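Engineer: Can you look at this prediction? I've put the sequence above it.
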Amino acid sequence: MTGDFLVVTTTHDDEAKARDLAAALVRERLAACAQVYPVRSVYWWDGEVQDTAEWRLDLKTRADLADRLTARIAELHTYDTPEVLALPVTTGSAAYLAWIAAETREA
């Protein structure tokens, strides 16, 4: 059952936009919940090293929603190339995983 779930991460440069993105994805039932927290990102972009404050979103979802969630993040995000990484859940509380499954059902 644990292979059926993912944590999908993305980042945003603005806390309010990150929270809005999280709320939209949860409202659309593509994720059961999202955690939004500050991070520092160092990365190569536009020919140089960037060092910026960002807001990370960790979205809990079902694996079968990964493609739809990824596409929706791309539609809603303001970045040219938003980070979207899906990490498999290898273990977890049965009750919590059942909750993710229940909260990400089609409306």
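Structural biologist: Alright, I've got the coordinates.
Engineer: Sticking with the residue lying closest to residue 7 once chain neighbours are set aside, tell me its helix or strand.
Structural biologist: What sits nearest to residue 7 in space, not counting adjacent residues and going by CB to CB, 6 or more residues apart in numbering, is residue 87, at 4.9 Å. From N, CA and C alone the C-beta is placed, and that goes for glycine too. For residue 87, the host element (DSSP states H and E) is strand 85-88.
Engineer: ok, then the element right after that strand?
Structural biologist: Proceeding C-terminally, strand 85-88 gives way to helix 94-103 as the next helix or strand, assigned by DSSP H and E.
Engineer: Which strands and helices lie in contact with that next one?
Structural biologist: Secondary structure elements in contact with helix 94-103, counted by 3 or more CB pairs under 8 Å, 6 or more residues apart in numbering; DSSP states H and E, are strand 5-12, strand 48-62.
Engineer: Of the ones you listed, which stretch is the most buried?
Structural biologist: Comparing the helices and strands packed on helix 94-103 on average neighbours per residue, with mean count of other CB atoms under 10 Å, the densest one is strand 5-12 at a mean of 21.
Engineer: Parallel or antiparallel, list what pairs with it.
Structural biologist: When pairs are called by DSSP bridges, strand 5-12 turns out to pair with strand 48-62 (antiparallel), strand 85-88 (antiparallel).
Engineer: From what I see, the residue nearest to residue 7 and residue 9 are in contact.
Structural biologist: Yes: between residue 87 and residue 9 a contact is recorded at 7.1 Å, counting by CB atoms under 8 Å.
Engineer: Who are the packing partners of the longest helix that the chain contains?
Structural biologist: Secondary structure of the chain per DSSP state H: the longest helix is helix 15-27. Here helix 15-27 touches strand 5-12, strand 33-45, strand 48-62, helix 66-76, going by 3+ CB pairs under 8 Å, 6+ apart.
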